[in-house]
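> The following comprises the amino acid sequence and a computationally predicted model.
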Amino acid sequence: MKAHVLAVAGIVAASLTAAACSSSKSGNTITVVYQKFGTFVQMDQHMQKVKAQFEAANKGVKVKLLPIQADENSYYTKLNLMSRSASTAPDVMYEDTFLVNSDIAAGYLAPIDDQVAKWPDWNQFTDAAKKAGTGQDGKTYGVPMGTDTRALYYNKQIFAKAGLPATWQPKTWNDILDAARTIKAKVPNVIPFNIYSAKSAGEAASMQGFEMLLYGTKNALYDDSSKKWVTSSQGLTDSMNFLSTIFNEKLGPNPQDELDAQFSTKVTSDLIPNGKIAIALDGSWQTSSWKPTGEHPWAQYSSVLGTAAMPTQNGESPGKTSMSGGWLLSIGSRSKHKDEAWKFISLALNKDNAKSYDLTASQIAERKDVAADPQYQSGDPTTPFFTDLVQYTHFRPAYADYPRVSDAIQVAMEAVMTKQTSPDKALGQYADSVKHVVGADNITTG
């Protein structure tokens with residue numbers, strides 16, 4: 001792990017030196033940093049369009065786009081390294097909502113309360129959207145680009161071969177296991193069920209995998225009443241045991257494949273569209289890659305794939321569960337061009353641009369006027385389904401310690417996936433890690 005971090009840091013240092021030399025912090029140039037990775041090209045397309053609009057409307061001010069071509073974990077590392085130095089810190093950055101409080105604590109983000117207070121469009125953002133960019137200090141640190149939910153995609157053609165219904169809606173975790181076992185027996189050349197479980201998958205493992213299970217139990221990751229992190233509960237145990245069952249019975253991908261940082265890209269670009277995965281626990285944005293504007297157009301996705309809500313563990317009320325996140329556009333604390341940075345953000349997320357991005361990137365709209373727009377509502381056959389899941393959704397604990405707690409979840413998941421340790425031992429190590437991160441006074445049992 002240490003060698004990996006040093007290697008990433010070395011590569012980043014070289015790239016940041018080049019970025020610093022090629023950008024002007026004293027002139028009329030603002031830098032915009034965002035992730036450009038794998039199959040998801042919509043962000044780059046969006047930024048290119050907004051850059052052209054901005055420069056046309058603001059004569060004499062240039063926009064330097066700095067897309068970071070890296071997986072999720074490496075993107076966070078590179079963005080942090082850039083933000084530490086005034087010579088490389090971005091003016092505008094693409095910020096994951098779960099990192100807001102840790103990045104505030106690190107001094108990377110500038111509050112934008114004065115700007116949004118004067119922006120008429122701010123009234124179009126939902127209260128939930130505004131909360132996503134709010135720090136623990138009550139200040140606003142970003143404007144949401146869109147949100148998402150997570151559910152089960154399933155291949156109707158594979159289901160037909162396995163004798164499973166075309167309109168599938170599991171009511172319990174056991175229903176998922178039963179379907180996966182049936183597929184393994186009757187359609188042996190496909191992956192029955194994909195759930196990200198490797199540390200290289202980052203939040204796709206901890207949030208999209210483990211927390212999609214955990215929040216379908218009676219327990220959670222953080223106890224709001226006591227303001228403490230939960231390190232031992234029946235829900236944690238049952239979630240890790242479910243994961244263990246998937247890999248012990250070979251109902252999931254080959255663990256060695258999951259360890260590849262490019263695996264999620266392969267899932268989107270190859271395994272799902274080419275009928276190699278029967279059931280995938282994944283996000284609402286997946287369809288963006290398969291649209292005509294995506295990197296891997298697949299015209300048949302809406303007819304080949306079905307969607308089903310993730311059930312609660314034993315069908316407990318409300319019967320369905322989901323997790324939601326999202327990304328912001330934020331201003332870097334070390335920016336010398338905060339006024340211009342704000343102009344760029346407000347342009348990038350006005351109604352027309354927000355609608356365009358939400359449509360191409362398969363985002364759930366954060367603006368009320370976009371959500372009500374007929375073009376948005378009819379833009380993707382899956383939009384009504386994934387939007388409906390908002391009522392069942394949960395959010396990651398938005399505290400500065402969450403990223404390190406999430407990292408501990410990923411380590412535990414990977415250890416179980418690769419059979420390096422038992423679920424109980426993995427959770428014991430998780431509890432020790434969380435205790436070390438947050439302190440003994442800030443943990444509890446569920």
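Okay, I see it. Residues are numbered from 1 along each chain as shown.
> wait, is residue 341 part of a helix?
Yes. With DSSP: H, G, I helix; E, B strand; the rest coil as the criterion, residue 341 is located in a helix.
> Now do the domain split for the protein, please.
As given by automatic domain parsing, the domain ranges for the chain are 2-148+325-387, 150-323+401-445.
> Minimum distance to residue 393: which of those domains has it?
When the domains of the chain are compared by Cβ to Cβ, domain 150-323+401-445 sits nearest residue 393, at 4.3 Å. Placement of C-beta: from N, CA and C, glycine included.
> Distance from that closest one to the middle of the chain?
13 Å (Cα atoms, centre = their mean, to the nearest Å).
> as a whole number, average confidence for that domain?
Average pLDDT, domain 150-323+401-445: 97.
> Start and end of that domain, how far apart?
27 Å (Cα to Cα, to the nearest Å).
> Kindly report the same for stretch 341-361.
23 Å.
> Report the buried residues of that stretch.
341-350, 353-361 (16 or more other Cβ atoms under 10 Å).
> repeat for stretch 326-339
Quick answer for stretch 326-339 (16+ other Cβ under 10 Å): 326-335, 337-338.
> just stretch 156-175 next, same as before
156, 158-159, 162, 164, 168, 170, 172-173.
> just how off-centre is stretch 98-111 within its chain?
18 Å.
> Give me the residues contacting it.
76, 80, 83-84, 89, 93, 95, 132-137, 139-142, 203, 207, 325, 328, 330-333, 335, 338, 396, 398-403, 406 (Cβ atoms under 8 Å, 6 or more residues apart in numbering).
> Now with 6 Å, please.
Contact partners of stretch 98-111, identified using Cβ atoms under 6 Å, 6 or more residues apart in numbering, comprise 83, 135-136, 139, 141, 330-331, 333, 396, 398-400, 402-403.
> Show me those that map onto strands.
Residues of the contacts of stretch 98-111 located in strands (DSSP state E): 330-331.
> how about the helices of the stretch 51-200 of the chain, start to end?
In the stretch 51-200 of the chain, the segments counted as helices under DSSP state H, counting those that start in this stretch are 72-83, 100-105, 113-117, 127-132, 156-162, 173-186.
> residues in contact with residue 433?
So residue 433 contacts residue 408 (Cβ under 6 Å, 6+ apart).
> Turn the helices of the stretch 51-200 of the chain into TSV, columns for distance to residue 310.
Below are the helices of the stretch 51-200 of the chain laid out as TSV (distance: least, Cβ to Cβ, whole Å):
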stretch	distance to residue 310
helix 72-83	21
helix 100-105	25
helix 113-117	34
helix 127-132	20
helix 156-162	17
helix 173-186	8
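> can you map out the strands along the stretch 1-150 of the chain?
29-35, 62-68, 92-96, 109-110, 143-147, 150-155 (DSSP state E, counting those that start in this stretch).
> Kindly calculate the angle that the fifth one makes with strand 29-35.
Using axes from the mean of the first three to the mean of the last three Cα atoms, to 10 degrees, the interaxial angle of strand 143-147 with respect to strand 29-35 works out to 30 degrees.
> repeat for the last one
Angle of strand 150-155 versus strand 29-35, following the same axes, to 10 degrees, is 60 degrees.
> Run through the neighbouring helices and strands of strand 150-155.
In terms of contacts (3 or more Cβ pairs under 6 Å, 6 or more residues apart in numbering; DSSP states H and E), strand 150-155 is packed against strand 277-283, strand 305-308.
> Nearest to residue 262, out of those strands?
strand 277-283 (15.6 Å).
> could you say what helices and strands that closest one packs with?
Against strand 277-283 (3+ Cβ pairs under 6 Å, 6+ apart) you get strand 150-155, strand 191-194.
> Please repeat the previous calculation with a cut-off of 10 Å.
Judged by 3 or more Cβ pairs under 10 Å, 6 or more residues apart in numbering; DSSP states H and E, strand 277-283 is in contact with strand 150-155, helix 156-162, helix 173-186, strand 191-194, helix 203-205, helix 212-214, strand 305-308, strand 320-324.
> circling back to that earlier point, just the buried residues of stretch 326-339: which has the poorest pLDDT?
Within the buried residues of stretch 326-339, pLDDT is lowest for residue 326, at 93.
> Residue 305 is in contact with residue 155, correct?
Yes. Using Cβ atoms under 10 Å, residue 155 is in contact with residue 305, at 6.3 Å.
> between those two, what contacts are shared?
Common neighbours of residue 155 and residue 305 are listed as 272-273, 280 (criterion: Cβ atoms under 10 Å, 6 or more residues apart in numbering).
> In JSON lines, list the residues you listed along with neighbour count and distance to residue 296.
Below are the shared contacts of residue 155 and residue 305 laid out as JSON lines (neighbours: other Cβ atoms under 10 Å; distance: Cβ to Cβ, whole Å):
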{"residue": "272", "neighbour count": "26", "distance to residue 296": "10"}
{"residue": "273", "neighbour count": "20", "distance to residue 296": "7"}
{"residue": "280", "neighbour count": "22", "distance to residue 296": "15"}
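> From those, pick the one nearest residue 227.
residue 280 (35.3 Å).
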